[in-house]
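K.L.:
Sequence first, then the predicted structure:
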2 protein chains.
Amino acid sequence: MTSDFPIALHVLGFLTSRGGGPLTSDQMAQTYGTNAVVIRRVQSKLRKAGLIETRCGAGGGCFLGRKPEDINMREAYEAVTPEPQLLARHPMSCEEVVPIVVGHFVNEICSDAEQALLERLESITIKEMDKTLRARFRKAFRASRDSQVKKAAS
Amino acid sequence: MTSDFPIALHVLGFLTSRGGGPLTSDQMAQTYGTNAVVIRRVQSKLRKAGLIETRCGAGGGCFLGRKPEDINMREAYEAVTPEPQLLARHPMSCEEVVPIVVGHFVNEICSDAEQALLERLESITIKEMDKTLRARFRKAFRASRDSQVKKAAS
DNA sequence: GCTAACTGTAACGATTATTGTTACAGTATT
DNA sequence: AATACTGTAACAATAATCGTTACAGTTAGC
């Protein structure tokens, strides 16, 4: 299980909250708590899917490839996932009838269930994520500031 | 990603097709194409969830713990999966506000999407799986027999 | 044109998860 | 007592993931 998907959401969400870019991979790596190369590896996949654009050189960085209301989470997921394969599949190498038939069925079930998950992801846009996050940020920063004031007073 | 889930379905499906048991872990291992210990490891989890029973000693083996119409695939999935965590989560170790808030949100989305997948699995019982498989077995065995007849004739 | 600040990607090692296997103790049947 | 099972620990092999370094390519601004 890769953490590419959370990283992808972090990239897209961070970009949206900053008005579309540019942001460097270093900035994103620091807020996510990892190395810039890890971020760039995910960005590489997002770029191929057209979800972001990048510009080399000084002052460059990462941009949203589309308006945040035109990007949904399923696209982000599929961009960073080779084949949607969350559930392990039945091995199909065997020659016998029983495991082959059972295997096919299990694989169908898994694909079907994954489809349900993807449809759920499809219903949420990055824009909506950003909206929810903004409200939470206000709350979190207020709380964080209050606790600092408290600390200073004690 | 473990292949515990396909193995679990294989165990439950195989048991159902044989009228509930008993089947030895060796029989299951051979039809699945793995080692008996691998099967028993999965069986251990299924047993704890009450989906199967096992009997030691000669003539022993594995039995269905309930009627196949009373076991659905979600139960099988949850029995072999510690926490339903198909999608990687945002790391929550950081101290800063931004990644924490984003992380919470991402985790909620993931849980929500996984819920959709689980509900899909819940809608299919082992009995229904067995019914579908029976029809396919008939077809597959017919085809397999025909091709052998053909081979013998040539 | 030079330098600084970026990206893109290959390569490597450390860590961890998964799987197959052996081994052996425990239990039921005959 | 012998046989045929289960249950589980332990270990090695393999593969996936992640962080890191290294370095080539690109752009902006002086």
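P.N.:
Thanks, I have it.

K.L.:
CA only for contacts and neighbour counts going forward, please
P.N.:
Noted.

K.L.:
mind listing what the residue lying closest to residue A:54 once chain neighbours are set aside touches?
P.N.:
Here the nearest residue to residue A:54 in space, its sequence neighbours aside, is residue A:62; by Cα to Cα, 6 or more residues apart in numbering or on different chains that works out to 4.4 Å. Neighbour list for residue A:62: A:15, A:21-25, A:52-55 [criterion: Cα atoms under 8 Å, 6 or more residues apart in numbering or on different chains].

K.L.:
Kindly reformat the residues you listed as CSV containing distance to residue B:145.
P.N.:
CSV is the format used below for those (distance: Cα to Cα, whole Å):
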residue, distance to residue B:145
A:15, 60
A:21, 64
A:22, 65
A:23, 64
A:24, 63
A:25, 60
A:52, 55
A:53, 57
A:54, 59
A:55, 62
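
K.L.:
now residue A:112, nearest residue through space, not along the chain?
P.N.:
residue B:120 (7.9 Å).

K.L.:
How much space separates that neighbour from residue B:128?
P.N.:
14 Å (Cα to Cα, to the nearest Å).

K.L.:
Same check on residue A:119?
P.N.:
24 Å.

K.L.:
again with residue A:49
P.N.:
Counting by Cα to Cα, the gap from residue A:49 to residue B:128 is 39 Å.

K.L.:
Residue A:145 too?
P.N.:
According to Cα to Cα, residue A:145 stands 57 Å off from residue B:128.

K.L.:
And residue A:9, by the same measure?
P.N.:
Distance, residue A:9 to residue B:128, using Cα to Cα: 38 Å.

K.L.:
Same check on residue A:68?
P.N.:
Taking Cα to Cα as the measure, residue A:68 and residue B:128 are separated by 43 Å.

K.L.:
And for residue A:21?
P.N.:
Using Cα to Cα, one gets 51 Å for the distance from residue A:21 to residue B:128.

K.L.:
And these two? Which one has more around it.
P.N.:
Each of residue A:21 and residue B:128 has its neighbours counted (other Cα atoms under 10 Å in any protein chain shown); residue A:21 has more, 20 against 16.

K.L.:
and that one, helix, strand or coil?
P.N.:
Three-state secondary structure (criterion: DSSP: H, G, I helix; E, B strand; the rest coil) places residue A:21 in coil.

K.L.:
ok, now which ones touch the residue nearest to it when sequence neighbours are not counted?
P.N.:
Excluding the flanking residues, the one nearest residue A:21 by Cα to Cα, 6+ apart is residue A:63, at 4.6 Å. Contacts here follow Cα under 8 Å, 6+ apart; on that basis residue A:63 touches A:15, A:20-23, A:52-54.

K.L.:
likewise residue A:57?
P.N.:
Applying Cα under 8 Å, 6+ apart, no residues qualify as near residue A:57.

K.L.:
could you pull out the strands for chain A?
P.N.:
Ranges of strands in chain A, per DSSP state E, are A:52-55, A:61-64.

K.L.:
Give me every residue in chain A lying close to DNA strand D.
P.N.:
The interface of chain A toward DNA strand D, taken as Cα under 7 Å from any atom of the strand, is made up of A:1-4, A:33-38, A:55-60.

K.L.:
Going by distance to DNA strand D, which of these wins?
P.N.:
residue A:57 (3.1 Å; Cα to the nearest atom of the strand).

K.L.:
Poorly predicted segments of chain A, please.
P.N.:
A:84-99, A:151 (pLDDT under 70).

K.L.:
Show me which residues of it sit near DNA strand C.
P.N.:
A:23-26, A:37, A:40-41, A:43-44, A:54-62.

K.L.:
mind running it again at 6 Å?
P.N.:
Within chain A, the positions near DNA strand C by Cα under 6 Å from any atom of the strand are A:24-26, A:37, A:40-41, A:44, A:54-62.

K.L.:
Most neighbours among those, please name it.
P.N.:
For the residues of chain A next to DNA strand C, the largest number of neighbours (other Cα under 10 Å) sits with residue A:62, at 23 neighbours.
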